[in-house]
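# Next one to model:
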Amino acid sequence: MGDSLRHSVVTIHEPISCDSMVAKLVQSSNAIALAHFGKELIKSRIAAMTSDKATINLYVINDISETPAEQRLVEHAVGWLEFYRQTGELLDITNDPEKPEILHYDKTILEAYDLFKICSTELDVAKPGAMPFPKSIPLS
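Residues are numbered from 1 along each chain as shown. The predicted structure is shown next:
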């Protein structure tokens with residue numbers, strides 16, 4: 001009788017930061033802001049996170065300098081997304097938070113990494129009722 005051997009395959013993933021993970025998720029989506037501003041201009045970050053939902057801020061950085069000697073950069077929010085842990089849904093809430101648009105994205109990104117585990121170690125978790133939407137912030 002031959003014994004059958006089972007081999008378990010262990011996949012080793014390279015470490016990834018929260019910012020990189022969010023950027024990959026957003027860039028793979030069909031968010032409206034990506035079409036309007038272009039993938040190369042859109043930046044993204046987690047604005048708030050609970051155990052069930054991550055709110056993602058999409059923004060662009062504009063140079064409002066009046067002279068080349070003095071660089072003044074400012075961020076402008078151009079979109080808001082919500083990612084739900086249990087359902088895996090990525091929603092665009094930019095135009096109407098009450099009627100969000102369901103987005104498509106590369107789900108294989110989340111097969112390799114857990115967004116909530118990676119980002120919860122890097123972020124302060126939002127308290128219920130906290131407002132996650134900062135105003136435009138000057139960078140200089």
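
# For the chain, which residues score under the pLDDT cut-off?
The model of the chain has pLDDT under 70 over residues 1-13, 121-140.

# please redo it, this time with the cut-off set to 50
By pLDDT under 50, the weakly predicted segments of the chain are 1-2, 4-5, 7-11, 123-140.

# any idea how far the nearest residue to His104 once chain neighbours are set aside is from Ser51?
Of all residues not flanking His104 in the chain, Asn30 sits nearest, at 5.1 Å (CB to CB, 6 or more residues apart in numbering). In this view, the C-beta of every residue, glycine as well, is placed from N, C-alpha and C. Going from Asn30 to Ser51 by CB to CB, to the nearest Å gives 27 Å.

# just Lys24 next, same as before
Counting by CB to CB, the gap from Lys24 to Ser51 is 22 Å.

# Neighbour count: the two, which is higher?
Counted by other CB atoms under 10 Å, Lys24 and Ser51 do not tie: Lys24 has more neighbours, with 19 against 9.

# tell me the SS of the more buried one?
Three-state assignment for Lys24 (DSSP: H, G, I helix; E, B strand; the rest coil): helix.

# dump the residue contacts of it.
By CB atoms under 8 Å, 6 or more residues apart in numbering, the contact list for Lys24 reads 106, 109.

# With Glu111 as the reference, measure out to it.
Using CB to CB, Lys24 is found at 12 Å from Glu111.

# Identify the residue spatially nearest to the residue positioned nearest the centre of the chain, adjacent ones excluded.
In the chain, the C-alpha nearest the mean C-alpha coordinate belongs to Val22, at 3.3 Å (CA atoms, centre = their mean). Distance criterion CB to CB, 6+ apart; nearest residue to Val22, sequence neighbours excluded, is Ser44 at 5.2 Å.

# any idea which helix or strand carries the one you found?
For Ser44, the enclosing helix or strand under DSSP states H and E is strand 43-49.
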